[in-house]
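Student: sequence and predicted model, in that order:
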Amino acid sequence: SLGVYNDNLKSKSKLSNIKSLNSLLYVLASKYAKINGFDDVLLLNSSNNIIESTNSNLFLKANDVVFTPPLLDGCVDGSMRKLLIPIIEKEYKLTYKSLQIEDLFKSDEVILSNAISGIKRVTFFKKREYYNDSFYDYLLKSINNLI
């Protein structure tokens, strides 16, 4: 289940895309998630766009289009994100888009990805429940074929 952490916003700069030891925002957001009973929370940038979760990049699928935040919005340019983008582009139209909370309600599937856990499907966001797993299944199969 996902929530939204908006107590502190991430700035948009070239440094925002780099994983660093400056983890205060992620620690505070993770603590907020735990206190509020979420598995993870989404982080917002200084323009109130959704950019990532506490430890993962974000992909939304609506119909046959996959959306992910552009690097200019300040998301981390993660290694799993770099791996998934060409895989996604083989099967789906990939669009880099500044994401809003409304986009999660319009999506069929929400996927989080990082190098440690691989890909994770989101099943709940607020009162929205996600049932479709076709995008998740495609990514999982594609990643397993690489191994």
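Tutor: That came through fine.
Student: show me what the residue nearest in space to the middle of the chain bridges to in the sheet.
Tutor: When C-alpha atoms, centre = their mean is applied to the chain, the residue found nearest the centroid is L58 (1.5 Å). Taking DSSP bridges as the rule, L58 bridges to L112.
Student: numbering from 542 from now on, please.
Tutor: Okay, using 542 as the starting number, the last item reads as L599.
Student: give the contact list for Y671.
Tutor: 648-651, 662-665 (C-beta atoms under 8 Å, 6 or more residues apart in numbering). (C-beta placed from N, C-alpha, C; glycine too.)
Student: which residue ranges form the strands in the chain?
Tutor: For the chain, the strands defined by DSSP state E occupy 543-551, 581-586, 591-594, 598-603, 606-609, 634-637, 650-655, 659-662, 665-666, 669-670.
Student: winner for burial among those?
Tutor: Among the strands of the chain, strand 591-594 has the highest mean neighbour count (mean count of other C-beta atoms under 10 Å), at a mean of 26.
Student: just the CA atoms of it, as PDB, please.
Tutor: Output in PDB follows, covering the C-alpha atoms of strand 591-594 (Å, rounded to 0.1, in the frame of the first residue of the first chain):
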ATOM      1  CA  ILE A 591       5.300  12.800  -7.800                       C
ATOM      2  CA  ILE A 592       8.800  11.700  -8.500                       C
ATOM      3  CA  GLU A 593       9.600   8.400  -6.700                       C
ATOM      4  CA  SER A 594       9.000   6.500  -3.500                       C
END
